[in-house]
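Participant: need a 3D model of the sequence below.
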Amino acid sequence: MAIIIGSTRKGRFGPTVAGWFAARARRRGDLDVDLVDLAEADLPQTLTDHEEPVPARVRALAPRLTAADAFAVVTPEYNRSFPAPLKTAIDWYHEEWQAKPVTFVAYGRESGGLRAVDQLRQVFTELHAVAIRDVITLPCYWDLFAADGTWPKATAECNAAATTALDRLVWWAGALRDARDRSPYIP
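Facilitator: Numbers count the residues shown, from 1 in each chain. Modelled structure (predicted):
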């Protein structure tokens, strides 16, 4: 599973969320986790034309996405949507997303990132990925810090939501991997 940190802003909370989710995923015996930080990937903002060569940074990330049988996108909600660098990263790739499941770990104000998730579902569906129903939303995520500064609190609802989302993601990853092995996906 590739966990993609969708925010590239300075001072972002995404790495904290992704670290928590990755730790939960790594405790399972059925997942290998690759943490993809778009800030580190530093993909170009301008897409090339079909006849132009693909930039080296885009080529460097492609094998990691290709190797993943599933994706978890960690995204904030900015202005009722998801960050522009995340959209650019999604648009650089095509086959890498196809016939693979994706879940979302979203954070924000009161909506917990649900508006960003709604839009991302549409984008990934267009790319022939399978956006699963089960997601993790973190409304007012700053309230989930424990008194000792750890995040999230042990009693936070997101802990149970993460377990459910990972269970479903693993099921879909296996089913779709088996289907791709039997017959290559043709969009």
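
Participant: tell me what the top strand by length along the chain is packed against?
Facilitator: In terms of residue count, the longest strand belonging to the chain (DSSP state E) is strand 101-108. The criterion is 3 or more C-beta pairs under 8 Å, 6 or more residues apart in numbering; DSSP states H and E, and the helices and strands that strand 101-108 contacts are helix 14-26, strand 71-76, helix 114-126, strand 130-131, strand 136-139, helix 157-182. The way it works is simple: take the backbone N, C-alpha and C, and place the C-beta from them, glycine included.

Participant: need the contact list for the most centrally placed residue in the chain.
Facilitator: Here the mean C-alpha position of the chain is nearest to the C-alpha of residue 73 (C-alpha atoms, centre = their mean), at a distance of 1.2 Å. Taking C-beta atoms under 8 Å, 6 or more residues apart in numbering as the definition of contact, the neighbours of residue 73 are 4, 6, 86, 102, 103, 104, 105, 120.

Participant: ok, it to residue 52 distance?
Facilitator: From residue 73 across to residue 52, the span is 27 Å (C-beta to C-beta, to the nearest Å).

Participant: now tabulate the helices and strands packed on strand 101-108 in a markdown table and tack on distance to residue 146 and mean pLDDT.
Facilitator: Below are the helices and strands packed on strand 101-108 laid out as a markdown table (distance: least, C-beta to C-beta, whole Å; pLDDT from 0 to 100):
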| stretch | distance to residue 146 | mean pLDDT |
| --- | --- | --- |
| helix 14-26 | 12 | 97 |
| strand 71-76 | 20 | 98 |
| helix 114-126 | 24 | 98 |
| strand 130-131 | 31 | 98 |
| strand 136-139 | 15 | 97 |
| helix 157-182 | 12 | 97 |
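
Participant: now, of the ones you listed, which is deepest in the fold?
Facilitator: Between the helices and strands packed on strand 101-108, the one whose residues have the most neighbours on average, counting mean count of other C-beta atoms under 10 Å, is strand 71-76 (a mean of 27).

Participant: what pairs with that one, parallel or antiparallel?
Facilitator: Neighbouring strands of strand 71-76 in its sheet, by DSSP bridges, are strand 2-5 (parallel), strand 101-108 (parallel).
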